[in-house]
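Visitor: Sequence and predicted structure, then a few things I'm wondering about:
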Amino acid sequence: MGSEGPKSVTIHVTGFKKFHGVAQNPTETAVSNLKYYVEMKGLPAGVTLGSCTVLETAGEGGLPALLKVIEESSAGNSSNNGQVIWLHLGVNSGATKFAIERLAVNEATFRCADELGWQPQRVPIVPEDGGINQIRKTSCPTESILEFLKKKGFDVTMSDDAGRFVCNYVYYHSLRFAEEKGHKCLFVHVPTFNRVNQEKQMEFIAALLEAIASTC
């Protein structure tokens with residue numbers, strides 16, 4: 001399988017801090033521990049885990065931090081012809097399974113204020129893209145990634161609705177930048193730890209990295 005995949009893939013991963021209603025964000029814990037975890041477990045040949053960054057759960061106010069992550073990861077691979085992929089992880093507190101997000105919508109309608117106090121309603125995320133019904137889709141082969149993970153025994157589904165909160169906001173911007181820079185981007189929602197425990201989630205993320213590297 002490794003011989004069929006790309007020769008060089010670098011995957012940069014982000015998670016989020018706490019936010020209203022979620023005192024412990026599992027993606028903060030997972031991303032903070034991911035480098036150590038993959039060092040212990042190992043990754044397929046040709047796959048590199050790049051930066052692991054925990055973002056503030058904020059839209060407009062958190063955008064500079066996201067842009068910094070993207071710019072630094074792009075600069076770090078400027079002399080490398082390999083594929084660069086940005087993987088964003090977010091929590092869906094009502095979910096019982098993992099969800100691969102196929103798209104993001106150009107709409108920010110926050111049900112509550114983000115962690116920096118911003119609460120937009122029906123605002124285009126990128127006005128120059130058009131209205132709030134515009135969408136951007138990931139160029140990652142989501143069906144292949146889904147099947148890979150299901151064969152590994154994970155309870156995972158496909159989603160066409162990343163919400164209208166910070167997860168969707170970050171995903172939309174990241175998809176736009178990925179298109180501009182010739183990279184790929186994917187967003188995956190995870191449940192809380194009381195639905196799927198930490199060890200299982202770490203196993204899932206490691207398998208997700210392998211799935212992305214093998215299919216993208």
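Guide: Good, I have the coordinates. Numbering: from 1, shown residues only.
Visitor: contacts for stretch 153-166?
Guide: 16, 19, 57-59, 62, 90, 92, 96-105, 107-111, 114, 142-143, 146, 149-150, 168, 171, 187, 189, 196, 204, 207 (Cβ atoms under 8 Å, 6 or more residues apart in numbering). For the C-beta atoms, the positions are set from N, CA and C on the backbone; glycine is no exception.
Visitor: Tell me the buried residues in that stretch?
Guide: For stretch 153-166, burial by neighbour count (16 or more other Cβ atoms under 10 Å) applies to 154, 156, 159, 162-166.
Visitor: From residue 87, how far off is residue 164?
Guide: Residue 164 sits 21 Å away from residue 87, going by Cβ to Cβ, to the nearest Å.
Visitor: To clarify, my last question referred to residue 160.
Guide: 18 Å.
Visitor: picking that back up, relative to residue 120, which of the buried residues of stretch 153-166 is nearest.
Guide: Using Cβ to Cβ, residue 164 comes nearest to residue 120 of those, at 9.0 Å.
Visitor: Let's verify that closest one: helix, strand, or coil?
Guide: For residue 164, the secondary structure call by DSSP: H, G, I helix; E, B strand; the rest coil comes out as coil.
Visitor: Which residue, other than its chain neighbours, is closest to the one residue sitting closest to the centre of the chain?
Guide: Residue closest to the average C-alpha location in the chain (Cα atoms, centre = their mean): residue 88, at 1.4 Å. With sequence-adjacent residues excluded and distances taken as Cβ to Cβ, 6 or more residues apart in numbering, residue 88 is closest to residue 187, at 4.5 Å.
Visitor: Tell me if I'm right that the one you found and residue 171 touch.
Guide: Yes. If you go by Cβ atoms under 8 Å, residue 187 and residue 171 touch, sitting 4.2 Å apart.
Visitor: Overlap of the contact sets of the two?
Guide: With Cβ under 8 Å, 6+ apart as the test, residue 187 and residue 171 both reach 88, 101, 104, 162.
Visitor: what's the weakest-modelled helix or strand in this structure?
Guide: Every helix and strand in the chain was compared by mean pLDDT, DSSP states H and E; the lowest is helix 63-76, with a mean of 87.
Visitor: Could I get the average pLDDT for the helix or strand containing residue 168?
Guide: Element membership for residue 168 (DSSP states H and E) is helix 166-181. Helix 166-181 carries an average pLDDT of 96.
Visitor: Mind checking what helix or strand follows it in sequence?
Guide: strand 184-190.
Visitor: angle of the following helix or strand past that following strand against strand 184-190?
Guide: With elements assigned by DSSP H and E, the helix or strand that comes after strand 184-190 is helix 198-215. Between the axis of helix 198-215 and that of strand 184-190 there is an angle of 160 degrees, by axes from the mean of the first three to the mean of the last three Cα atoms, to 10 degrees.
Visitor: Just read off the phi/psi values of residue 48.
Guide: Residue 48 adopts backbone torsions of phi -120, psi 130, taken as degrees, to the nearest 10.
Visitor: contacting residues for it?
Guide: 8-11.
Visitor: now swap in residue 189 and tell me
Guide: 89-92, 95, 98-99, 101, 159, 162, 167.
Visitor: again, but for residue 123
Guide: 107-109, 132.
Visitor: hmm, 6 Å instead?
Guide: residue 108 (Cβ atoms under 6 Å, 6 or more residues apart in numbering).
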